[in-house]
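Enquirer: Kindly return the folded structure for what I paste below:
(one chain, ligands or ions: 2)
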Amino acid sequence: MSIYDTLNEQQREAVYHTEGPLLILAGAGSGKTRVLTHRIAYLIEEKGVNPWNILAITFTNKAAGEMRERVDNLVGFGSESIWVSTFHSTCVRILRRHIDRLGYDTNFTIYDTDDQKTLMRDICKYLQIDTKIYRERNLLAAISAAKNEMISPKEFRLRAEGDFSRQKIATVYEEYEKQMQANNALDFDDLLVKAVQLLKTQPDVLDYYQERFRYIMVDEYQDTNNVQFQFVSTLAAKYRNLCVVGDDDQSIYKFRGADIRNILNFENVFEDARVIKLEQNYRSTSTILDAANAVIRNNRGRKDKTLWTDNGQGEKIEFRQFDTGFDEAEYIVGDIRGHVDSGDCSYNDNAILYRTNAQSRLFEEKLVSANIPYKLVGGVNFYARREIKDLLAYLKTIDNGRDDLAVRRIINVPKRGIGLTSVNRVQEYALQREISFYEAVLGADLIPGIGRGLSRLESFAALIEHFKEEAGRMSILELLEDIIETTGYIEELKTEGEIEAEARIENIDELKNKAADYEEGCHERGETPTLGGFLEEVALVADIDSLDEDSDYVVLMTLHSAKGLEFPHVYLAGMEDGLFPSYMTVTSDNPEELEEERRLCYVGITRAMKQLTLTCARRRMVRGETQYNKMSRFLKEIPMELLSTGMKFEKEEKEEETPRQSSWQQAKQAFHTKAFSSPRPVQQFKVAGGNGPGYDVGDRVRHVKFGEGLVTAIVEGGRDYEVTVEFDKAGTKKMFAAFAKLQKI
Ligand SMILES: Nc1ncnc2c1ncn2[C@@H]1O[C@H](COP(=O)(O)OP(=O)(O)OP(=O)(O)O)[C@@H](O)[C@H]1O
Ligand SMILES: [Mg+2]
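Expert: Ligands and ions are numbered 1, 2, ... in the order given. Coordinates of the predicted model:
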């Protein structure tokens, strides 16, 4: 039996159709991605195609990783020379070799959103733009939209004729491009734009890549935007072996310029394209599939498809409505705990999906306190957050100043008028003299051409020296507070908007808790707390964080990042009008926006293989305010008989209680009181009810990285247990139980 026997007839047809354009249009879970991977295997093994000649593109790194894995399993030899990557990394690889043709240096920097914002702030100041009228975020969005349509600043200006505000944006766009080029930097949109520009203007480069990528495949094609379409169609123009797979019902990136017309018009652009439809779903139970079909049926602008499965009915869909988001999180985490403890499944069979990133925090808190390992996909873990990194960079600079990256990170944060030119001068000088960046700052008066920058560098150095002197007599907590106060860090955060700042300030509070905990821990052990010791401990936790990679964890992510993935058990949380569908779409009179939300709901439901749980809350904190929500209209589109707890619907009709302090707020308060109070050593642990880390002082444990050791202390902290272990080889380490994942032996 060959691997192709595991495919159905239509799938096989798609795999065998190797020459010429091919469009596979099919619903969720019908094996589109599977066809792509088998097609790659077929090309190599049956058609003798050189792996080198194959390019497979997907949307997210996670999807690319999974596809790579599937391909590696199917293709034994040479699979590493196949390019399996996202649009962005494909473009980066090409640009690193050839972008000099466009006047950039091949070691260009890639600006992330933060960098873009910083640059935009500078530009607005320089051009004296009123950022109350032209919000930085909106300016960046306008530029991004233009780039996705491949509209240059010049063309933008032409099109803005007669429109004052578009003219203004054109000016900003011009300046932005000028600065980017001067900094030899590209933003994410540029990666594609420049790659297309390169292919379209350099015939020899185009020829090289057309010869190289004779077979091109694109997954999740429904979400390509114009420039991405240009990229693949230009590359495929010579051999025309372009295979795209997608599902118009899963197009969820319109806000980023994804153009569903790319899929609907494929047959017009490639006239001889073969179109294959797949109709059998292999992923989900019929109950889940029926629910998905029932929801998506309400969209008008779609090609009708029928999906069926012979996976059996499976379990009913669980629906629960809670009073608060906090209760919702508690239920879901408890449910996962129950399933895992009873041996039904492992952590990584479970995914919690939600509409907005902000919803993750409640789940994170609950998971940490239930001691359940989790991974935030696409989100940012605590120690990777900007404000935490900034403050740690201050502490590192104060501690020894040898970490150039840290010093450079904060030299102009908050803004103190030290521009890139000065930073580069300092950097060059440091390199020449073979001294650290901070040492160069200390001797800034010796740097040639430093000019006006000198006084600012001098006051920066004075500031750091002042903190250094303070560090000698202050506690770390006091030092942190002083840094925040003296530099005006929080005021600066607030200029980005009160709402964003609020979440960041909460994170900063969390870091202060951590510092206080560390110092008290030291005192209890009779040790002297030091800045270096604190940084070491934090580095350890931050480092252990990344070990999550191949262990067992619950996955948390937004619906957008879940595309293409599948999990036995999916929790779709926050099914509320005003949250999902979002407030914007509920209040807008554009029906297309609601349809996009509904497609997102279809994506969410179809991620589930065996069991789907839908939850919502009557009240929840959104941007610091209590919001009262009705259950999502999408829920009501699901036939009652598919739900296990249909009765729960009635509850919604009940009178809303008078607003009182929500249990979420109470819990939050309790959490803070707990976090600020001193940590208390826990001598003897009762592991009952899943509390406690699962081992006691005196137990021997194993750690993935440090090997075996003896638990010498367990301290209950604000959110987690801090465990001290004397490792046989690695010495004594202190770590958070949730991250350390110690195994009792
Ligand atoms: N012919 C088949 N026989 C058995 N299992 C199959 C078959 N085709 C697909 N599957 C399985 O069904 C599941 C869904 O397949 P796949 O992820 O390729 O679907 P998809 O169409 O890409 O879904 P999505 O639209 O969500 O991206 C996978 O677990 C896959 O292995
Ligand atoms: Mg897929």
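Enquirer: What segments of the stretch 101-250 of the chain are strands?
Expert: Counting by DSSP state E, counting those that start in this stretch, one finds strands in the stretch 101-250 of the chain at the ranges 109-111, 185-187, 215-218, 242-246.
Enquirer: Could you list every helix and strand that the second one packs against?
Expert: With contacts defined as 3 or more CB pairs under 8 Å, 6 or more residues apart in numbering; DSSP states H and E, the secondary structure elements packing on strand 185-187 are strand 109-111, helix 113-126. C-beta: built from backbone N, CA, C; applies to glycine.
Enquirer: quick one: average confidence on it?
Expert: If you average the pLDDT over strand 185-187, you get 88.
Enquirer: Sort out which residues of it are buried, please.
Expert: 185-187 (16 or more other CB atoms under 10 Å).
Enquirer: Enumerate every residue touching the residue of the chain found nearest ligand 2.
Expert: Taking CB to the ion as the measure, the chain has residue 33 as its residue closest to ligand 2, at 3.3 Å. The contact partners of residue 33, taken as CB atoms under 8 Å, 6 or more residues apart in numbering, are 63, 67, 70, 219, 245, 564.
Enquirer: Next to ligand 1, which bits of this protein? Give me the list.
Expert: Counting by CB under 6 Å from any ligand atom, the residues of the chain close to ligand 1 are 6-8, 11, 26, 28-34, 247, 250, 282-283, 564, 566, 606.
Enquirer: Of the residues you listed, which belong to strands?
Expert: Counting by DSSP state E, the members of the residues of the chain next to ligand 1 that fall within strands are residue 26.
Enquirer: Longest strand in this protein, please.
Expert: Per DSSP E, the chain has its longest strand at strand 608-622.
Enquirer: Just list what the helix or strand just after that strand packs against, helices and strands only.
Expert: Per DSSP states H and E, strand 608-622 leads on to strand 625-628 as the next helix or strand towards the C-terminus. If you count contacts as 3+ CB pairs under 8 Å, 6+ apart, strand 625-628 packs onto strand 608-622.
Enquirer: list the helices and strands the strand it packs on packs on?
Expert: Judged by 3+ CB pairs under 8 Å, 6+ apart, the packing partners of strand 608-622 are helix 286-296, strand 318-324, helix 325-341, strand 567-572, strand 625-628, helix 663-676.
Enquirer: Turn those into a markdown table, including mean pLDDT and mean neighbour count.
Expert: As requested, the helices and strands packed on strand 608-622 are exported to a markdown table (pLDDT from 0 to 100; neighbours: other CB atoms under 10 Å):
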| stretch | mean pLDDT | mean neighbour count |
| --- | --- | --- |
| helix 286-296 | 96 | 24 |
| strand 318-324 | 94 | 20 |
| helix 325-341 | 94 | 20 |
| strand 567-572 | 97 | 24 |
| strand 625-628 | 76 | 12 |
| helix 663-676 | 38 | 15 |
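Enquirer: which one of these lies closest to residue 117?
Expert: Among the helices and strands packed on strand 608-622, the nearest to residue 117 by CB to CB is strand 625-628 (25.0 Å).
Enquirer: Off-centre distance for the closest one?
Expert: Offset of strand 625-628 from its chain centre (CA atoms, centre = their mean, to the nearest Å): 26 Å.
Enquirer: what does the very next helix or strand once past that strand rub up against?
Expert: Beyond strand 625-628 in the direction of the C-terminus, DSSP H and E gives the next helix or strand as helix 633-636. Where contact means CB under 8 Å, 6+ apart, the residues beyond helix 633-636 that reach it are 295, 319, 575, 577, 580-581, 597-598, 601, 614, 616.
Enquirer: which one of these sits closest to ligand 1?
Expert: Proximity to ligand 1 was ranked across the contacts of helix 633-636 by CB to the nearest ligand atom; first place goes to residue 601, at 13.7 Å.
Enquirer: for that closest one, what are its contacts?
Expert: Applying CB under 8 Å, 6+ apart to residue 601 gives the contacts 295, 559, 580, 632, 634.
Enquirer: Could you tell me whether it really is in a helix?
Expert: Yes - according to DSSP: H, G, I helix; E, B strand; the rest coil, residue 601 belongs to a helix.
Enquirer: All further residue positions should be reported with the first residue as 49.
Expert: Happy to do that; since the first residue is 49 now, the last one works out to residue 649.
Enquirer: Okay, now the unreliable bits of the stretch 649-793 of the chain?
Expert: Across the stretch 649-793 of the chain, the ranges flagged by pLDDT under 70 are 670-673, 693-740, 753, 765-768, 786-787.
Enquirer: 50 instead, please
Expert: The stretch 649-793 of the chain contains residues with pLDDT under 50 at 694-738.
Enquirer: Would you mind listing what in this protein touches ligand 2?
Expert: The chain comes close to ligand 2 at residues 80-81, 612, as judged by CB under 5 Å from the ion.
Enquirer: among those residues, which are in helices?
Expert: 80-81 (DSSP state H).
Enquirer: and the residues of the chain next to ligand 2 as a markdown table, adding pLDDT?
Expert: Shown next, in a markdown table, are the residues of the chain next to ligand 2 (pLDDT from 0 to 100):
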| residue | pLDDT |
| --- | --- |
| 80 | 95 |
| 81 | 92 |
| 612 | 90 |
